[in-house]
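K.L.:
Just the structure for this:
(one chain, ligands or ions: 2)
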Amino acid sequence: MYKVSHKELKAWVEEVKAMCKPDSVHWCDGSQEEYQQMLQVMVDAGLGTPLNSKKRPGCYLFRSHPSDVARVENRTFIASKKMEDAPSPDVWVEPEELKATMRKSYDGCMKGRTMYVIPFSMGPIGSPISKIGVEISDSPYVAFNMKIMTRIGAAVIDALGSDGEYVRCLHSVGSPLAEGEKDKAWPCAPSIDDKYISHFPEERMIWSYGSGYGGNALLGKKCFALRIAAVQARDEGWLAEHMLILKLTDPNGKVHYVCGAFPSACGKTNLAMLEPTVPGWKVETIGDDIAWMKFGKDGRLYAINPEAGFFGVVPGTSMKSNPNAMKQIQTNTIFTNVGLTDDGDVWWEGSGMPAPSHLIDWKGKDWTPDSGELAAHANARFTTPAEQCPVIAPEWEDPAGVPISAILVGGRRKTTVPLVNESRDWNHGVFLGSIMGSEITTAAITDNVGQVRRDPFAMLPFFGYNKGDYLQHWLDIGKNADASKLPKIYFVNWFRKNADDKFIWPGFGENSRVLKWIIERLSGTGKAAETPIGNLPTADAIDLNGLNLSAKDMEELLKIDKDEWKAEIESIREDYKTYGTRLPKALADELDKMEKRLNL
Ligand code: SAT
Ligand code: MN
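P.N.:
Ligands and ions are numbered 1, 2, ... in the order given. You can find the predicted model right below:
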């Protein structure tokens, strides 16, 4: 055990111990041996399965309880002191009231279990952009996943010193064990109403209870790195965003860094690891989910990936959609809720690998291709070290971060929104970020114009404070900066469909053609035409060499349809009403100006 000189931290751990009453306390040192031991504890108890060491060395499979398979948005709370400061009234609870309720749940909740104290750093230890957290959890699964997803252990305690600042993260699966009771395969609180994912932004504190899965339990990710960090970022003048970070090298060897915000199911992880189809261009990965951006001394925005691993959706990952991720998850990876084959490997839908004639499905039951059920849960995940990514950029852990030249925002829109649209200036870019979103796809809707769920900067589930104030913060970032040094914002849509309901743009590696145009724009050579909605590539501006895409398709991809935009503006106005008085005036103005330019 290392020495902890941080008195306040020690006192907090004692306080939690007195409340939760664990059998023992383990301070994580972050070593590889400790990681192995924590895995082994679960394997020995029959709660995890090591995979075939010839096929997937160092890999393990876990199955969660069928009721505990994803983030629980309707049990996620932002307990700011004032209700107006929360993202919306539905997620707000008065902080002291929430604490009183949760203290009752926490009382004795770790009986029969070990309480892990996990000091962790979001971002490289010692980087001026990084932040420290300490997660207390009664789940070894959380502890070894945190080892992959963040930097944990003794080095963090050193960096914290005797009085360093940290975010207090308390987590319990909410399933105490009676004397001699055998543990459940996946302990968690029995009912959804017993689960709480609570944030106290003013106190920089997170209390999570009742779930052991993903973002509900690995508190460094969405809870800290987005919801709490967004509040820190607002107060300190930086940005904590739900964005991938990629590195692009052009044929002349010039390097460019790009961030991208996309709602779920838009292929964010795939884009972060893209294999470009345009000759001479190279893509490398810095991060696949979260970017923290701060101004450097030169006035540019520098981004770090605060995470150290990828927690990606498994189903649909294949050699076609993401060959790099496929290689990355071959070793030292934790799989949760996928199928287990008879030879000790894993299988999932959309893997591109033929379905085996028999396996054990994510619920632990026998499965055959005729079962009529999914072998892997749709939100099955891999947890895998970022350093294993075959295209990870060598500078991915640079404490200084990487200077960002462009920010992509976009959703899944089958109509209306062109393939790519360059913002006119920063405020217009923030406006584009505020209106992004995806069509809600239900099998029942055959309408041309599906209903759009607006998801500003892909932050809808991750706002830590009022969403109007959040957009105002983006505007303020621009106001206080040298405009010529700010990244340019691009609105992209890979998902436009033709009259036959087919995607027009091929996507995946071909998205590199759009990235190429963006870089050409930034360096002054790309061709664009000013339109009422922004600067669009001219018909011949995007390199289509070697791609079977007709001029008519390109025209369709770049089309601005007045009727569609009329409906779009109405729908944006409806959405803007949900901001009430906190809608930034500059954004209302942008909407009016666009309407005028469209001359509808
Ligand atoms: O479960 S996580 O929040 O970590 C991943 C996600 O839902 O995007
Ligand atoms: Mn995400």
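K.L.:
Can you pull out the low-pLDDT segments for the chain?
P.N.:
Residue ranges of the chain with pLDDT under 70: 441-450.
K.L.:
Tell me the residues of it that contact ligand 1?
P.N.:
Arg71, Gly214, Gly215, Lys221, Lys222, Ser264, Phe311 (CB under 6 Å from any ligand atom). Backbone N, C-alpha and C define where each C-beta goes, glycine included.
K.L.:
what about the first one, distance to Ser264?
P.N.:
Counting by CB to CB, to the nearest Å, the separation of Arg71 from Ser264 is 10 Å.
K.L.:
Next secondary structure after the longest helix anywhere in the chain?
P.N.:
Counting by DSSP state H, the longest helix found in the chain is helix 562-577. Counting by DSSP states H and E, the element after helix 562-577 in chain order, helix or strand, is helix 585-598.
K.L.:
residues of that following helix that come out buried?
P.N.:
Ala586, Leu587, Glu590, Leu591, Met594, Glu595, Leu598 (16 or more other CB atoms under 10 Å).
K.L.:
what's near enough to touch the residue in the chain that ligand 1 sits nearest to?
P.N.:
Relative to ligand 1, the nearest point of the chain is Gly215 (2.3 Å; CB to the nearest ligand atom). Neighbouring residues of Gly215 by CB atoms under 8 Å, 6 or more residues apart in numbering: Arg71, Ile197, Lys221, Lys222, Cys223.
K.L.:
try it again with 10 Å
P.N.:
Neighbour list for Gly215: 70-73, 76, 197, 208, 221-223, 225-227, 311, 461-462 [criterion: CB atoms under 10 Å, 6 or more residues apart in numbering].
K.L.:
Could you measure from the residue lying closest to it once chain neighbours are set aside over to Phe463?
P.N.:
Nearest non-adjacent residue to Gly215, counting by CB to CB, 6 or more residues apart in numbering: Lys222, 4.1 Å away. To Phe463, Lys222 is 11 Å away according to CB to CB.
K.L.:
Ok, Ala217 next?
P.N.:
20 Å.
K.L.:
more crowded one of the two?
P.N.:
Ala217 (27 against 21; other CB atoms under 10 Å).
K.L.:
give me the element the closest residue to the more buried one other than its chain neighbours is part of.
P.N.:
Leaving aside its sequence neighbours, Ala217 sits nearest to Val142 (CB to CB, 6+ apart; 5.0 Å). Element membership for Val142, per DSSP H and E: helix 140-149.
K.L.:
quick one: that helix to chain centroid distance?
P.N.:
Distance of helix 140-149 from the chain centroid (CA atoms, centre = their mean, to the nearest Å) equals 17 Å.
K.L.:
Just the buried residues of it, please?
P.N.:
Here helix 140-149 shows Pro140, Tyr141, Val142, Ala143, Phe144, Asn145, Met146, Lys147, Ile148, Met149 as buried, counting by 16+ other CB under 10 Å.
K.L.:
possible to save the residues you listed as JSON lines with distance to Leu248?
P.N.:
Compiled in JSON lines, these are given as follows (distance: CB to CB, whole Å):
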{"residue": "Pro140", "distance to Leu248": "40"}
{"residue": "Tyr141", "distance to Leu248": "36"}
{"residue": "Val142", "distance to Leu248": "35"}
{"residue": "Ala143", "distance to Leu248": "36"}
{"residue": "Phe144", "distance to Leu248": "34"}
{"residue": "Asn145", "distance to Leu248": "30"}
{"residue": "Met146", "distance to Leu248": "31"}
{"residue": "Lys147", "distance to Leu248": "31"}
{"residue": "Ile148", "distance to Leu248": "27"}
{"residue": "Met149", "distance to Leu248": "25"}
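K.L.:
nearest to Gly237, of those?
P.N.:
For these, the residue nearest Gly237 by CB to CB is Met149; the value is 26.6 Å.
K.L.:
Leaving out chain neighbours, which residue sits closest to the closest one?
P.N.:
Gly309 (4.3 Å).
K.L.:
Tell me the spacing between that neighbour and Glu34.
P.N.:
16 Å.
K.L.:
same thing with Ser357?
P.N.:
With the distance defined as CB to CB, Ser357 ends up 39 Å from Glu34.
K.L.:
What residues sit buried inside stretch 236-249?
P.N.:
Trp238, Leu239, Ala240, Glu241, His242, Met243, Leu244, Ile245, Leu246, Lys247, Leu248, Thr249.
K.L.:
just stretch 319-331 next, same as before
P.N.:
For stretch 319-331, by 16+ other CB under 10 Å, it's Ser321, Asn322, Pro323, Asn324, Ala325, Met326, Gln328, Ile329, Gln330.
K.L.:
I figured the second one hits Gly507, correct?
P.N.:
Read it as Asn322. No: Asn322 lies out of contact with Gly507 (CB atoms under 10 Å); the separation is 11.9 Å.
K.L.:
Overlap of the contact sets of these two?
P.N.:
Joint contacts of Asn322 and Gly507 (CB under 10 Å, 6+ apart) are Gly267, Asn270, Leu271, Leu274.
K.L.:
Any chance of JSON lines for the residues you listed, columns distance to Ile518 and neighbour count?
P.N.:
Below are those laid out as JSON lines (distance: CB to CB, whole Å; neighbours: other CB atoms under 10 Å):
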{"residue": "Gly267", "distance to Ile518": "17", "neighbour count": "19"}
{"residue": "Asn270", "distance to Ile518": "18", "neighbour count": "24"}
{"residue": "Leu271", "distance to Ile518": "13", "neighbour count": "27"}
{"residue": "Leu274", "distance to Ile518": "13", "neighbour count": "27"}
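K.L.:
Include secondary structure when you put those residues into a markdown table, please.
P.N.:
As requested, these are arranged in a markdown table below (DSSP: H, G, I helix; E, B strand; the rest coil):
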| residue | secondary structure |
| --- | --- |
| Gly267 | coil |
| Asn270 | helix |
| Leu271 | helix |
| Leu274 | coil |
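K.L.:
wait, Asp183 sits on Leu177?
P.N.:
Yes: applying CB under 10 Å, one finds Asp183 in contact with Leu177, separated by 6.3 Å.
K.L.:
How about Asn332, nearest residue that isn't a chain neighbour?
P.N.:
Gly58 (4.0 Å).
K.L.:
One more: Lys21?
P.N.:
Gly108 (4.7 Å).
K.L.:
ok, now how distant is the one you found from Tyr196?
P.N.:
Taking CB to CB, one finds Gly108 at 16 Å from Tyr196.
K.L.:
Check Phe120 too.
P.N.:
Distance of Phe120 to Tyr196, computed by CB to CB: 21 Å.
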